[in-house]
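Visitor: The following block contains a protein sequence and its predicted model.
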Amino acid sequence: MWFLLLVLALIIIAAQAMLWHLQRRLLTNLQISQERVQALEETVRRLTVGHKTKETNASHTARDTHGGGLKVQSRPTEESEEKGNRYRRARMLAESGRNACYIASACQIGEEEAELLIRVNNRPPQK
């Protein structure tokens, strides 16, 4: 009887150790994923700023070419902000476990882009 209790206690201790190890790996993977997402967001931000700078330079050139009286609308800036919101929403859907097809249709992005967002979150894409 004591032997059986001892074996059971050892099994429970081993299971707790395995769970602790898996939890540590999960937390490490989560931190790595968050760092990757932050790096991607920073890259997108830099690209967006670069795009806005190009648009600003183009609008200054257009004003200079047309005597300074030409008003250039900042519509592309609004579009880039809208695109950023779409990608934020797509990332949230990817984190929640949605498949690439659903994310692509809901956020109006390509299915390949949706699969990339899913992979960034360390989850295999579902078709």
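Guide: Arrived safely, thanks for sending.
Visitor: okay, CA-based contacts and neighbour counts for the rest of this
Guide: Will do.
Visitor: Tell me where the chain has helices.
Guide: Applying DSSP state H to the chain gives helices spanning 2-65, 75-95, 100-107, 111-120.
Visitor: So which other helices or strands are in contact with the last one?
Guide: By that I understand helix 111-120. Applying 3 or more CA pairs under 8 Å, 6 or more residues apart in numbering; DSSP states H and E, one finds that helix 111-120 contacts helix 2-65, helix 75-95, helix 100-107.
Visitor: So which of these has the densest surroundings on average?
Guide: Among the helices and strands packed on helix 111-120, helix 100-107 has the highest mean neighbour count (mean count of other CA atoms under 10 Å), at a mean of 18.
Visitor: which regions of this protein lie under the pLDDT threshold?
Guide: 50-83, 122-127 (pLDDT under 70).
Visitor: coming back round to it: now render the helices and strands packed on helix 111-120 as TSV, adding distance to residue 121.
Guide: Below are these laid out as TSV (distance: least, CA to CA, whole Å):
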stretch	distance to residue 121
helix 2-65	6
helix 75-95	6
helix 100-107	12
